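In: Any chance you could fold what I've pasted below:
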Amino acid sequence: MATVNINNFQKYINDTILGRGYDYYMGGHVDEEYVHKGNTYIFLVGGRETYEVAVELDESGEIIHAECDCPYDLGPVCKHKAAVFFQLAEIINNGEVKWDAKQAPTELPGIKEVLNKLPKEELIRIIMEIVLKNETLEESLILRYSDGNNEQELKQVSKLIRRIVNKYAGRGGFIEYGEISDYVDEMTGILEKARHTADSLLALEIIILVLHEAVEAFEYADDSDGEIGGLVSDCIEVMEDLILSEKHSDSSMTQKLFNRLLEDSNDHAYDEWQEYTIEILRLCAEVADTEALRVLLRERVMVYLNKSDTDGFSAYYAAPLLQILHRLILLYGTDAEALHFEEENSAHATFRELLIERAKKENDFEKVIALAMEGEKQDDFHAGRTPKWKEIRYEAYKKLSLKAEQARLAKEMLFDGHFEYYQELKDLNTGDEKEFYDELKAKLKKDTRWQAKNMYVNLIEQEEDTDEIMAYISENPQYIARYADLLKDSYADEVDKLYSKHIRAVAQSSSKRSAYQDVCSLIRRYKNIAGQDNAAQLVDELRVLYKRRPAFVDELSKLD
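Out: Numbering: from 1, shown residues only. Just a heads-up that it's a prediction; the model follows:
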């Protein structure tokens, strides 16, 4: 960047980048623990990733050199550099730094308005100038707007895909993080060609080409933000739209689509990504409109179902594969066949839930309870799955007015960490309310599991049990801010003491502007609890104690 001074750098940086840098600076993303070597300052700037920014100044504050190791390459200054410039200005000027956005320039006409006024020859000249600098744009325009036979179209698509990959992967063969969005945008443009192609078979071939490349890109691109995964999902979505739009067309077309999908499901592109094989087989079911096609699909699904873990298909994929077979029955079979299939495969949660829904429709809640209890037993070693079955069983008890069973299960669910069942328990209680509360509180307090401990805190908070909350806060002072308003009338001195002690502890561990802002937020709330004088006294104490932290002193000054 051109040499500028740390006190006027704002005039030379793009407003958008400057604004993002200022947000980073104000948000405390610049670590205040910097390295100072001679005239060079080195900072760490946090965010989604942490980057290092080095800035060299001369004696008059001129920025001799600035460097950031982030992937941004669209201009001389990234938001991380801009954030550090604000931080350096604060350090050099003892905390005095402001940013007033530059006055917006006179608004220019939009690009569409400008181009609308140009003659066709001028537009062609402009486009030719652009495509000479961007080969993939030239290929993309030809692909989108030219007419050719299917073979030519597919060759053009393949050629464009290779150009896009080579453009962004470069000699190293790897697409870096900063290039991913543009790569995905260009590949998505090819998908749009497929979406607007009248020939369904050609459209499917284009989608498959993009999908194969997107899956392969998991190996040669940085997908930290999941954009490659998003491109794969877009391919499956466009493919599904195509298949569903042809679902009721003539049988010759659906058979051709089916055969191509079935063939592609076995492609080596998906060897490490079996979920995409299953997605394609799922789409096959939608156009398997003859028994011959359904036999082929069942055979293919059974091959995968019978594969061992060493062949690449684990039990994880059994349920979605079975769902394909179930879909075939729903589309082309009878309800009795579907029921039989669900019963045969009730070991899988998906089919057990379908059986439960059937039982609910028939008001057979005894069967609902039996199915739910079987589900609990089967998922006994999967703690995350069992609450679903218990919730189903509880609702069935309700339907049957089995209050004793309700109460036992509600208590079990409460102790397992589901506080919504406390109100259910209260409603079911027929004895003395205080005895009920005290007994429940004692049992939760005694239970050593973390779920029960959380429920104990929720319980005393729900009932505004100030004595119990005060006892809890005395042992856990970090939660004082949460309960101060509730406790201040009954325990004014204790709350004041614990709150101020908590603020001092938080201040001591703070090292960034965002953390300092959090401390000041605590002080504002503390002032409402302990009064203006006590808060002012605490602020003065912190100013003296942390006078070497200009950002902290700056935030404290805003409390005046």
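In: So residue 191 belongs to a helix, correct?
Out: Yes: counting by DSSP: H, G, I helix; E, B strand; the rest coil, residue 191 is part of a helix.
In: just checking, it touches residue 237?
Out: No: using CB atoms under 8 Å as the test, residue 191 is too far from residue 237 to be in contact (9.2 Å). Heads up, the C-betas are built off the backbone N, CA and C, glycines and all.
In: Which one's more surrounded, the two?
Out: The residue with more neighbours, out of residue 191 and residue 237, is residue 191; 21 against 13, by other CB atoms under 10 Å.
In: and that one, what does it touch?
Out: The contact partners of residue 191, by CB atoms under 8 Å, 6 or more residues apart in numbering, come to 206-207, 210, 234-235, 238.
In: any idea which helix or strand comes after the worst-scoring helix or strand of the chain on mean pLDDT?
Out: In the chain, no helix or strand scores lower on mean pLDDT, DSSP states H and E than helix 135-145, which sits at a mean of 53. Next helix or strand after helix 135-145 toward the C-terminus (DSSP states H and E): helix 150-169.
In: Report the distance from that following helix to the chain centre.
Out: Centroid separation between helix 150-169 and its chain, computed with CA atoms, centre = their mean, to the nearest Å, is 31 Å.
In: same thing with stretch 329-342?
Out: 37 Å.
In: Tell me which residues of it come out buried.
Out: Buried residues in stretch 329-342, counted by 16 or more other CB atoms under 10 Å: 329, 338, 341-342.
In: between these, which is closest to residue 40?
Out: Comparing these against residue 40 with CB to CB places residue 342 closest, at 69.6 Å.
In: Give me the pLDDT for the closest one.
Out: Listed pLDDT for residue 342 reads 97.
In: got a list of what it touches?
Out: 326, 351, 354-355, 358.
In: repeat that with 7 Å
Out: Taking CB atoms under 7 Å, 6 or more residues apart in numbering, we find residue 342 in contact with 351, 354-355.
In: can you redo the residues you listed as TSV with neighbour count?
Out: As requested, these are exported to TSV (neighbours: other CB atoms under 10 Å):
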residue	neighbour count
351	20
354	19
355	18
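In: Next SSE downstream of the host helix or strand of residue 237?
Out: According to DSSP H and E, residue 237 maps onto helix 227-245. Sequence-wise, the next helix or strand downstream of helix 227-245 (DSSP H and E) is helix 251-265.
In: who touches that following helix?
Out: 200-201, 204, 208, 243, 246, 277, 280-281, 283-284, 287-290, 293, 296-297, 300.
In: coming back round to it: of the contacts of residue 191, which pair is most distant in space?
Out: It's 206 and 234 that sit farthest apart of the contacts of residue 191, by CB to CB, at 12.8 Å.
In: Would you mind telling me which of those two has more residues around it?
Out: Comparing residue 206 with residue 234 by other CB under 10 Å, the one with more neighbours is residue 206, at 29 against 20.
In: Leaving out the residues flanking it, which one is nearest to that one?
Out: In this structure, residue 206 finds its nearest non-sequential neighbour in residue 194, 4.0 Å apart by CB to CB, 6 or more residues apart in numbering.
In: go on, residue 225?
Out: Closest residue to residue 225 in three dimensions, ignoring its sequence neighbours and counting by CB to CB, 6+ apart: residue 180, at 7.0 Å.
In: contacting residues for that neighbour?
Out: Per CB under 7 Å, 6+ apart, neighbours of residue 180: 221-222, 225, 227.
In: Now a PyMOL select for only the buried ones of those.
Out: Entered in PyMOL, the line below selects the buried ones among the contacts of residue 180, by 16+ other CB under 10 Å:
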select buried, resi 221+222+227
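In: from the contacts of residue 180, which is closest to residue 55?
Out: If you rank the contacts of residue 180 by distance to residue 55 using CB to CB, residue 222 comes first, at 26.9 Å.
In: pretty sure residue 491 is touching residue 470, no?
Out: Yes: with contact defined as CB atoms under 7 Å, residue 491 counts as touching residue 470 (5.3 Å).
In: I'd like the contacts of residue 180 written out as JSON lines, with distance to residue 270, secondary structure and pLDDT added.
Out: Putting the contacts of residue 180 into JSON lines (distance: CB to CB, whole Å; DSSP: H, G, I helix; E, B strand; the rest coil; pLDDT from 0 to 100) gives the following:
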{"residue": "221", "distance to residue 270": "17", "secondary structure": "strand", "pLDDT": "94"}
{"residue": "222", "distance to residue 270": "22", "secondary structure": "coil", "pLDDT": "92"}
{"residue": "225", "distance to residue 270": "23", "secondary structure": "coil", "pLDDT": "89"}
{"residue": "227", "distance to residue 270": "20", "secondary structure": "helix", "pLDDT": "94"}
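In: The contacts of residue 180: which two are farthest apart?
Out: Maximum pairwise distance among these (CB to CB): 10.9 Å, between 221 and 225.
In: ok, residue 80 - contacts?
Out: Counted by CB under 7 Å, 6+ apart, residue 80 has contacts 45, 51, 53, 68, 70.
In: What is the neighbour count of the closest residue to the second one other than its chain neighbours?
Out: In this case it means residue 51. Computed as CB to CB, 6+ apart, the closest residue to residue 51 that is not its neighbour in sequence is residue 70, at 4.4 Å. Residues within reach of residue 70, counting by other CB under 10 Å, total 18.
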